[in-house]
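K.L.:
how would this look folded up:
(chains A and B)
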There are 2 protein chains.
Amino acid sequence: MNLLQALAAAVGEANVLTGEAAAPYLTDWRKRYRGRAQAVVRPGATAEVAAVVRACIAARAPMVPQGGNTGLVGGSVPSRPGLVVVSTSRLDRLGPVDRQARQVTAGSGVRVADLQRHAAAAGLAYGVDLASRDTATVGGTVATNAGGIRVVRHGDTRAQVLGVEAVLADGTVVSDLAGLPKDSAGYDLSGLLVGSEGTLGLVTAARLRLVEPLPAGRTTVLAGLRSVVDALGLLDQPDLLAAEVVVGPAMDLVCSALGLPFPLADRWPVYVLLETAGTPRLAADSDAVVDPRVWQYRERQTEAVATLGVVHKLDVAVPLDRLDELVAALPDAWAPYDGYVFGHLAEGNLHVEVAGAPPGDADVDGRILRLVASMGGTVSAEHGVGTAKTEWLGLCRSPAQLAAMRRIKDALDPDHRMNPGVLLV
Amino acid sequence: MNLLQALAAAVGEANVLTGEAAAPYLTDWRKRYRGRAQAVVRPGATAEVAAVVRACIAARAPMVPQGGNTGLVGGSVPSRPGLVVVSTSRLDRLGPVDRQARQVTAGSGVRVADLQRHAAAAGLAYGVDLASRDTATVGGTVATNAGGIRVVRHGDTRAQVLGVEAVLADGTVVSDLAGLPKDSAGYDLSGLLVGSEGTLGLVTAARLRLVEPLPAGRTTVLAGLRSVVDALGLLDQPDLLAAEVVVGPAMDLVCSALGLPFPLADRWPVYVLLETAGTPRLAADSDAVVDPRVWQYRERQTEAVATLGVVHKLDVAVPLDRLDELVAALPDAWAPYDGYVFGHLAEGNLHVEVAGAPPGDADVDGRILRLVASMGGTVSAEHGVGTAKTEWLGLCRSPAQLAAMRRIKDALDPDHRMNPGVLLV
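P.N.:
The predicted model follows:
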């Protein structure tokens, strides 16, 4: 039995895609990363995933898991020939909401927006929200430890995960879906799998915390401010639900590129979008508008920047007391190109988008990421490392840390079958 | 240079203890676990810890880290001859509180109560609190992923840890103290070290989240209830700050053993201690008293049970929808001995204390832990596995999970120098 036959035996012939049918799975939504694969498989249950992994082991074929394919770092498309793409699209089962424990089990192929609706129907909410909610999946957000716009309120994806079920590189299944909020019996395998980008195992489901819905009477404000320091001063608010930042030129771009009216009377160096349960406290000299529709000036940034072509997308974070210095230094780092900056203020997490640089020009990425690392920051706050940032990981992780990560990878995936080329090279 | 000379070179002769001076480090506070050691060392800085580890590597001597020695599972006293005890007592540096980021760096030897006071002086609080706060250390609570009485409000120790610094088994130092709340650049080594009980590395410091202090106007209520189900019904409260449970006989014992007045008019099957920011909602037919002093009926349980001798202490958790069934089934499991049950209601985490059983009688532990595991529970919710529960870990972890844990252990500590005999055997 060859690989395709074994895969068909595992998931059914209809769920083994090759040729034209496989094409949509071989490039990301931005068409930034492309690859080839032996096949795309769509298992419909955990046991089918395990059978796929066993078939790939027998054929010595490496695998790349793929969720909504909204990733930005090339982590879910084939980075080399000979891979099998394991799509989680059919692992889309949503379990019943346990209202007392405030938990739910979701298959890794469940879309974030579907999970949000499922929780809302039970009077609760899922704590992670991000602009790609209609396409991004539970598995993808778990694999990258996705952040988004509610981290300031509810924490990152890791903070929502009570446990995961995953198929490891040897085809065994580890399952931690009992939903115990406290468990100190051994190493936190689930926590290790969160953020491991499919390189240690293939996440098939997650047991997730649910939270109180956002208060109905919340207030959304967009404020113009003189500096990043002034913006950070707004974080000390009771009941803060969101705190997003847009640096001047990015606000101009979203208005001009998408034909939106400028939201304030004046232009400011920095804009902050705040959402609070009560009335937000603002600085006396800031210019502000209260209107939930101001979200579009933040959420449509990606769309606005995309009008400039395939931009370089970096996703960095620095300690809050270095954020002002970073914003001031970025233009020199991205010159001679243009840069646009927006992000999640409370976590010091900026999206730095560089337009005009050729896709293959890694120098500009290097200049920006070295700057970030020199301030104690990270080369990826929420997108993950993927294939895009493997060469930069050493800027923010020491040789001892990288060696420990490699030992873990080699221990759990000695033949490097799980998403090779991603995260560690 | 022999081992003692090498250790003296690493930490100074005054900080290498042998003979009588070492004795207090060789048994736990309950005198339940005792051992022998080649020496006790007290490094005063991370570089000294690394030098100790290198000296132990050269001498092929395994190590056991020790914090406040308040552990209950034999995880921090020598479990076999030939070990070197590495006391964290001099790693007691508390860094400045970053009020904007709400973070602080604490050495692993800092006592939890000192950390709490340090945070309070800056108008903030540390989110973990537990009865052993005056003796337990940051390192010990990180190593066991300690829980305590505020998990319902702030999460477990893992939820407070932004990153750790640790010396690995090869003597290298991994440091993750930048305090980035979002970081998706590689595997979560810090998260893996949390709860690993010193078996993967020796934690020297942690970067910790701080939280808002508890509201001054909080209300503490002790309520008598007819059942565990009724008790669980009280969890749906706004602004819940604590939710502890005491099962009937344990309330009788704490009163009789410590000479405390019975707190309510009547005796009830179950008692719940609730703390809320506002006025708690209670069931119409419950008997309740509002008084912050009711905390003693929960916090002095350990002291009350200790009057019965060296009891068997188990620390289990089950999903909330099985908690009632567990409490009902426990007396059959601990018969013919007496059992006392109290714990943390919101996490389904019960302390089951069995009096009268000989220390060496593992059968009673086995009966209770098998019952817990049959309900999808864990053999340790917050104390850790230590040496006490290694034989039971397989009740709640599958062969695939145990195999993955062993692979991680072997990868990071191939010679099993870090706390051998603990967690995995």
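
K.L.:
now the residue in the stretch 101-250 of chain A that chain B sits nearest to. Nearest residue, chain neighbours left out?
P.N.:
The nearest approach of the stretch 101-250 of chain A to chain B comes at A:Thr172, 3.8 Å away (C-beta to the nearest C-beta). Backbone N, C-alpha and C define where each C-beta goes, glycine included. Spatial nearest neighbour of A:Thr172, excluding adjacent residues (C-beta to C-beta, 6 or more residues apart in numbering or on different chains): B:Ala400 at 3.8 Å.

K.L.:
confirm that that neighbour sits in a helix.
P.N.:
Yes. Counting by DSSP: H, G, I helix; E, B strand; the rest coil, B:Ala400 is located in a helix.

K.L.:
wait, it touches A:Val174, no?
P.N.:
Yes. Counting by C-beta atoms under 8 Å, A:Val174 is a contact partner of B:Ala400 at 5.1 Å.

K.L.:
quick check: A:Ile408 vs B:Arg207, distance?
P.N.:
21 Å (C-beta to C-beta, to the nearest Å).

K.L.:
buried residues in stretch A:214-232, which are they?
P.N.:
Across stretch A:214-232, burial judged by 16 or more other C-beta atoms under 10 Å in any protein chain shown covers A:Leu214, A:Thr219, A:Thr220, A:Val221, A:Leu222, A:Ala223, A:Gly224, A:Leu225, A:Val228, A:Asp230, A:Ala231, A:Leu232.

K.L.:
make sure the first one is actually in contact with A:Asp239.
P.N.:
Which is A:Leu214. No. The pair A:Leu214 and A:Asp239 fails to qualify as a contact (C-beta under 8 Å) at a distance of 10.1 Å.

K.L.:
just to revisit the earlier point, restricted to helices, list the buried residues of stretch A:214-232.
P.N.:
Members of those lying in helices (criterion: DSSP state H): A:Val228, A:Asp230, A:Ala231, A:Leu232.

K.L.:
returning to what we had before: so which of the buried residues of stretch A:214-232 reach chain B?
P.N.:
A:Leu232 (C-beta under 8 Å from any C-beta of the partner chain).

K.L.:
turn the buried residues of stretch A:214-232 into CSV, columns for pLDDT.
P.N.:
Output for the buried residues of stretch A:214-232, formatted as CSV (pLDDT from 0 to 100):
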residue, pLDDT
A:Leu214, 94
A:Thr219, 95
A:Thr220, 96
A:Val221, 96
A:Leu222, 97
A:Ala223, 96
A:Gly224, 96
A:Leu225, 95
A:Val228, 97
A:Asp230, 95
A:Ala231, 95
A:Leu232, 96
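
K.L.:
and stretch A:113-131 with chain B, contact?
P.N.:
No. Between stretch A:113-131 and chain B, judged by C-beta under 8 Å from any C-beta, nothing touches; the nearest distance is 10.7 Å.

K.L.:
which parts of that stretch are buried?
P.N.:
A:113-116, A:118-119, A:124-131.

K.L.:
tell me which two of those residues sit farthest apart.
P.N.:
Greatest spatial distance among the buried residues of stretch A:113-131 (C-beta to C-beta): A:Leu124 and A:Ala131, at 21.8 Å.

K.L.:
A:His312 bridge partners, please.
P.N.:
A:Val354 (DSSP bridges).

K.L.:
wait, doesn't it sit right on A:Gly366?
P.N.:
No. When contacts are counted by C-beta under 8 Å, A:His312 is not listed as touching A:Gly366 (10.8 Å).

K.L.:
which one of the two has more residues nearby?
P.N.:
The neighbour comparison of A:His312 against A:Gly366 (other C-beta atoms under 10 Å in any protein chain shown) goes to A:His312, with 22 against 14.

K.L.:
how about the helices in the stretch 1-150 of chain A?
P.N.:
Ranges of helices in the stretch 1-150 of chain A, per DSSP state H, counting those that start in this stretch, are A:3-11, A:46-58, A:112-121, A:138-144.

K.L.:
so which of the ones you listed is the most packed in?
P.N.:
Of the helices of the stretch 1-150 of chain A, the one with the most neighbours on average (mean count of other C-beta atoms under 10 Å in any protein chain shown) is helix A:138-144, at a mean of 31.

K.L.:
end to end on stretch A:10-22, go ahead and measure it.
P.N.:
One end of stretch A:10-22 to the other measures 18 Å (C-alpha to C-alpha, to the nearest Å).

K.L.:
whoops, I mixed them up, stretch A:27-35
P.N.:
Stretch A:27-35 end-to-end distance (C-alpha to C-alpha) = 7 Å.

K.L.:
what about the closest residue to chain B within the stretch 251-400 of chain A, neighbour count?
P.N.:
In the stretch 251-400 of chain A, the residue that lies nearest chain B is A:Ala400 (3.8 Å; C-beta to the nearest C-beta). By the criterion of other C-beta under 10 Å, A:Ala400 has 18 neighbours.

K.L.:
residues in contact with it?
P.N.:
Counting by C-beta atoms under 8 Å, 6 or more residues apart in numbering or on different chains, A:Ala400 touches B:Leu168, B:Thr172, B:Val173, B:Val174.

K.L.:
how about JSON lines for those, with distance to A:Leu320 added?
P.N.:
Shown next, in JSON lines, are the contacts of A:Ala400 (distance: C-beta to C-beta, whole Å):
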{"residue": "B:Leu168", "distance to A:Leu320": "29"}
{"residue": "B:Thr172", "distance to A:Leu320": "29"}
{"residue": "B:Val173", "distance to A:Leu320": "25"}
{"residue": "B:Val174", "distance to A:Leu320": "23"}
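
K.L.:
farthest pair in those?
P.N.:
B:Leu168 and B:Val173 (7.6 Å).

K.L.:
okay, the two: which has more neighbours?
P.N.:
B:Leu168 (23 against 19).

K.L.:
which residues touch that one?
P.N.:
The contact partners of B:Leu168, by C-beta under 8 Å, 6+ apart, come to A:Ala400, A:Ala404, B:Val53, B:Val174, B:Leu200, B:Gly201, B:Leu412, B:Asp413.

K.L.:
please repeat the previous calculation with a cut-off of 7 Å.
P.N.:
Contact partners of B:Leu168, counting by C-beta atoms under 7 Å, 6 or more residues apart in numbering or on different chains, are A:Ala400, A:Ala404, B:Val174, B:Gly201, B:Leu412.

K.L.:
kindly report the same for A:Gly339.
P.N.:
Applying C-beta under 7 Å, 6+ apart to A:Gly339 gives the contacts A:Leu330, A:Pro331, A:Val352, A:Glu353, A:Val354.

K.L.:
ok, and the closest non-adjacent residue to the third one?
P.N.:
If the residues on either side of it in the chain are set aside, A:Val352 comes closest to A:Leu314, at 4.3 Å by C-beta to C-beta, 6+ apart.

K.L.:
ok, that neighbour - contacts?
P.N.:
Neighbouring residues of A:Leu314 by C-beta under 7 Å, 6+ apart: A:Val352, A:Asp365, A:Ile368, A:Leu369.
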